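1. Give the three-dimensional model of this entry:
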Amino acid sequence: MSEPTNVPIQPVANPIICPPYDEPRDHWVYDKMGVATRAGKRREAGYFYKTERTGSAQQALPGMAQEERDDLPLVNVLRDDVRRWREADYRGASNVTKELLRWWANPARGRRLFFCQREAVETIIYLAELRIPGRTSKVRFTPKLSDEALGQLLRGEKPRGLNLTSETFWPTLMDRPFDPNLRPLTRLGCKMATGSGKTVVMSLLIAWAFCNRGVNPRSTEYPNAVLVCCPNLTVKERLQVLRPDNPDNYFTAFDLVPVNLRPYLHSGKVLVENWHRFAPESEHKEGDKSYQVVNKGPETPETIARRVLGDLYDRLPILVLNDEGHHCWRPAGANDEADEPVTPSRGRKKKPVEDDSFVATEEEQAEARVWLEGLDRINNCLGPKQPGISFCVDLSATPFYLRGSGYPEGQPFPWLVSDFGLVDAIESGIVKIPRLPVSDDAKKKDEIGRPDPKYFRLWHHISAAMKPHEKHGSGKPKAEPCYREAEGALKVLAGQWKEKFGQFRSADANQVQIPPVLIVVCDNTDIADYFFRKISGESEADIVTPQDVEEVEAGEDEEPTPGKKEKAKKQVVYGKSEILDEFANAAARKVTIRIDTKLLAEAESADPTKNRKTAAEELRKVIATVGRPGEPGEHVRCVVSVSMLTEGWDANNVTHILGVRAFGSQLLCEQVIGRGLRRMNYEPDPATGLLQEEHVDVYGIPFSVIPFKGRAVNQSAPEDKPKHRVWAVPDRSDWEIKFPIVKGYVFEMTKGHVRCDVDAVEPITVDAKNEPTATFLRPTVGYHDSSMPAVAPFEFVEQTRDAYFANVHFQSIVFHIAQKIVDDLLTPTTTKTDRKSRVLRLQARHHLFPQVLRIVQQYISRRVNLNGKDARELGLEKYVTWIVERLESAIYPDEQQGEPPLLPILDPYRPVGRTGVVDFPTTRPVTVTEKSHLNLVVQHSDWEGASAKKLDKCGHVKCYARNDHLGLAIPYEYLESEHSYEPDFIVRLTNELNLLLEIKGFEVHNTERNNAKYAAARRWARAVNNLKEFGTWDFLVVRDVQLLAPEMASLAEKIA
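-> As a prediction, this is how the structure comes out:
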């Protein structure tokens, strides 16, 4: 297939149009001229195909007759079903599942999860917990995916009701081995763009399985063992964060599990393995060594399962997570005519210049075969009656078949159930925005009159400029003329890189000091090697010793043996870069690296029998740590690679990409460009809720279906400034502030004595803004014309709650409120069922109710403003809830009467937070600090900077820290829902008093919610003070920054 010639290259002003945490409600659509407009709804799940469609949609890519877009019908119906299930609060799921899904969706989370992560997990859980086991009736709605169609999907039959057009390809959730005697695998696939958080999704699925199994240990419905399969050693090392016992596990780092469920994580076990482990062992191998005297016979499914799984074998059936699951595919039969498989002896096919797609090589076919046959054996190791694998989940950014697989190139894996691709990720701001060339001074036009800058379709122009003698027999350009034609693009892009590098070098100590990276993706090793030598100045030269010179001059040089070519000795020479001095390598430090694919493959296999192990491992470590301070790859500035970067590359400091190869499909463009789109900063704009733009400049990759931002040649990028780095300054360690991570409270009374400072409780006002007290109606006749005078043709009729109040006594409302508070206060003790506990609980209730009733009466009479309304308005559920929540936060055990004090429940996995671990980038304005352990205060608005300056100048302040990325979140309830509140600052005064400080202006909105937050903060301080391990704490709200100094002075005079 030839490279596309007509491409929609019209940029958009603002590619990011959707918040990352909510379901997309908009997307960009290109018209026939390549102009983008907003559609006003979510994009249907789909893909671009060449030969075979799966659904009924036929949307041609503008100007690209060879490629068309088709939908993914199974994904689209599941989207609708899962959306309805989500809106029904996950009806039918287990209580544990509901708690987890609500926890992950909570907008008050310190680290919110992307919607695409939640949707992928929700879809898997919806299918695995409700639909596949046959519990459809529990959701209590009629799903678009019928039980009949689901059964057909699980049997590999063509499902009805999905509006499918192909007779040879359709969705399925079953992957059948070639051997009909083997049990098929149940597979569920999730397409997720690179950088959208697949590792977090795997963590969520593990948490769902283990927490449910921990609560119901005898049930095998939820696996308590997970096998994570990955493509190479780098990915394997990174995925160790999926193990709950790993100190850096994601469950703690991302706060993925509520504190009450965390112990259940350790009821399961996670094994992360490279696919190479599935390869059958030699019959003569014992452990890591081989012996001729050992003959174990061929491995059976059971022996392979025991060898790979170890003690996980005793936990079968297991859950399997295939990371980068596009490597795990079953080659089609040899008779399939869809696509000719690559002959093993030939490896990658020779192909003309137009044939520019990725082909499944012999190695890739072997990897797919070994990976999938290993899973087949594990799935069948228990015999025909029971599967060894509950189900497999495949996660990949590009879950499509390659050419040579036996399937049509670009055909999606048929078990996809969730789709959030690169275009969706760009529109949600989850990845960087590509900036593609939109014009140049050559002012060439394409076939339909649009600007056609050379560096957009670079390979097309390179190929057109080649003379016959400048091409190989395959028709592809030779390295030297290819470089000649691409040199201009490389130097322009390098100039843009140097501008960015200059900003990096001028960065001060408070800014992120990570060098930008330029990636050059070449067509083959010859071109890559030539570019590498030009960019790095590094080359090889023959080694000639003084002895060699003497022997040659003396005529003593031996004649070479006929037919045997002597292998010259080489040495590395470091010269000047022909592109930029900053790219030049030296013996002490290499800033430009070339990825040797074969050498890297040896390192990634982790096979100790491979040669060149040391060099390969060094290369792997450099590539795996690009952009990480203190690691081997921290100094890398340029990477030259063949085809595309391998899995495991997760550098987020890529700023420029040059493609010097053919791109014959949008899939190929996505595979290559996606490697450079990981973001550095995930801080949304509070005004819009959208993530702020980050960019990567791309030449030579004609991606035509993404919303991109235009950039003319030599146009500077003032918005790409170095990011500020907020971190704990080592020299200020004396100002480190530590605080407890509180998840709840211990409130256990033995005698039922409580006390409450009613006058200190936040007040409540009965207001029609909270709940209307009167409604006015009038008859309606015909249509209401807003242009007519506002004169009513009939009298208004007032309706109030007077008739209801006639049957309600105010005292019963007060009794109801008091009873609800008593029930809530005694809830923690109801878990104890022994006789002594039951007697004490009954006695406590008898003592407690009169006290609480008196407190409620006092609060209503002194702190509730009825505002002239009927007091029985307080019987409305909204006011009842507010009063209950307000008083529960202010009622404490009476320690003077012998009750144990209110104590905090600390997070068992992270009981203490501290400023010393803070280290994060930001693009927002900042204020430099003087009295803080942290070097900067991030300014979300003007008041943060003003407050920091006041605190720095205040003589009564010893030190302080902005509560930003600290993890100090105070739990509270509002309208019977759990939330968390983050005070603005932590301040330590000169008298050692620790202060939770909130800066608030005049509060007009959410007054009641703010009052609930403040009551929770005071409760937090009281409980922490009772713990007597973190000093003395207090809480203060300041409504005018100018009053900060006198407020601090007043508190500093108190005795801590």
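2. how's the protein carved up into domains?
-> Domain ranges of the chain: 114-129+171-427, 433-541+573-722, 730-742+904-1052, 763-876+883-890, per automatic domain parsing.
3. The ones you listed: which one's closest to Asn76?
-> Closest to Asn76 of those, according to Cβ to Cβ: domain 114-129+171-427, at 8.6 Å. All C-beta spots, glycine's among them, are computed from the backbone N, C-alpha and C.
4. Centre of the chain to the closest one, how far?
-> Put simply, domain 114-129+171-427 sits 19 Å off its chain's centre (Cα atoms, centre = their mean, to the nearest Å).
5. now the end-to-end length of that domain.
-> 13 Å (Cα to Cα, to the nearest Å).
6. could you dump the domains of the chain to JSON lines with mean pLDDT and mean neighbour count?
-> As requested, the domains of the chain are exported to JSON lines (pLDDT from 0 to 100; neighbours: other Cβ atoms under 10 Å):
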{"stretch": "domain 114-129+171-427", "mean pLDDT": "85", "mean neighbour count": "20"}
{"stretch": "domain 433-541+573-722", "mean pLDDT": "81", "mean neighbour count": "19"}
{"stretch": "domain 730-742+904-1052", "mean pLDDT": "89", "mean neighbour count": "18"}
{"stretch": "domain 763-876+883-890", "mean pLDDT": "69", "mean neighbour count": "14"}
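7. Including distance to Pro19, could those go into CSV?
-> What follows is these, written out as CSV (distance: least, Cβ to Cβ, whole Å):
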stretch, distance to Pro19
domain 114-129+171-427, 8
domain 433-541+573-722, 4
domain 730-742+904-1052, 17
domain 763-876+883-890, 27
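8. can you tell me which of those domains comes nearest to Pro107?
-> domain 730-742+904-1052 (8.9 Å).
9. Tell me how far that closest one lies from the chain's centre.
-> Counting by Cα atoms, centre = their mean, domain 730-742+904-1052 comes out at 28 Å from the chain centroid.
10. Spit out the contact partners of Val758.
-> Val758 makes contacts with Ile855, Gln858, Tyr859, Arg862, Arg863, Ala890, as judged by Cβ atoms under 8 Å, 6 or more residues apart in numbering.
11. just checking, the second one is part of a helix?
-> Yes: counting by DSSP: H, G, I helix; E, B strand; the rest coil, Gln858 falls inside a helix.
12. how close does the residue nearest to it when sequence neighbours are not counted sit to Ala1015?
-> Nearest residue to Gln858, sequence neighbours excluded (Cβ to Cβ, 6 or more residues apart in numbering): Val758, at 4.7 Å. Per Cβ to Cβ, to the nearest Å, Val758 is found 12 Å from Ala1015.
13. what residues are shared contacts of the two?
-> What both Val758 and Ala1015 touch, as defined by Cβ under 8 Å, 6+ apart, is the set Ala890.
14. and Trp170, that one's in a helix?
-> No: according to three-state DSSP, Trp170 belongs to no helix; its state is coil.
15. Now do the contacts for the closest residue to it other than its chain neighbours.
-> Among residues not flanking Trp170 along the chain, Lys158 sits closest, at 4.7 Å (Cβ to Cβ, 6+ apart). Taking Cβ under 8 Å, 6+ apart, we find Lys158 in contact with Gln152, Leu164, Trp170.
16. Surely the first one forms part of a strand?
-> No: assignment of Gln152 by three-state DSSP gives helix, placing it outside any strand.
17. could you measure the residue lying closest to it once chain neighbours are set aside against Leu321, distance?
-> Closest residue to Gln152 apart from its sequence neighbours, by Cβ to Cβ, 6+ apart: Pro159 at 4.3 Å. Using Cβ to Cβ, Pro159 is found at 25 Å from Leu321.
18. Likewise for Phe532?
-> 36 Å.
19. Same check on Val139?
-> 25 Å.
20. hmm, back to that, measure the residue nearest to Gln858 to Val215 for me?
-> 40 Å.
21. give the contact list for the closest residue to Asp147 other than its chain neighbours.
-> Excluding the flanking residues, the one nearest Asp147 by Cβ to Cβ, 6+ apart is Thr136, at 5.5 Å. By Cβ under 8 Å, 6+ apart, the contact set of Thr136 is Leu130, Pro143, Asp147.
22. By neighbour count, which of those wins?
-> Leu130 (22 neighbours; other Cβ atoms under 10 Å).
23. and that residue, what pLDDT?
-> Note for Leu130: predicted pLDDT of 97.
24. Strands of the stretch 551-700 of the chain, start to end?
-> 570-574, 592-594, 638-642, 654-660, 695-699 (DSSP state E, counting those that start in this stretch).
25. Report the strands that pair with the second one, each with its relative direction.
-> In other words, strand 592-594. strand 638-642 (parallel) (DSSP bridges).
26. what do you get for the first one?
-> Taking DSSP bridges as the criterion, strand 570-574 forms sheet pairs with strand 538-542 (antiparallel).
27. which residues touch the strand it pairs with?
-> So strand 538-542 is contacted by 532-533, 568-575, 585, 590, 592 (Cβ under 8 Å, 6+ apart).
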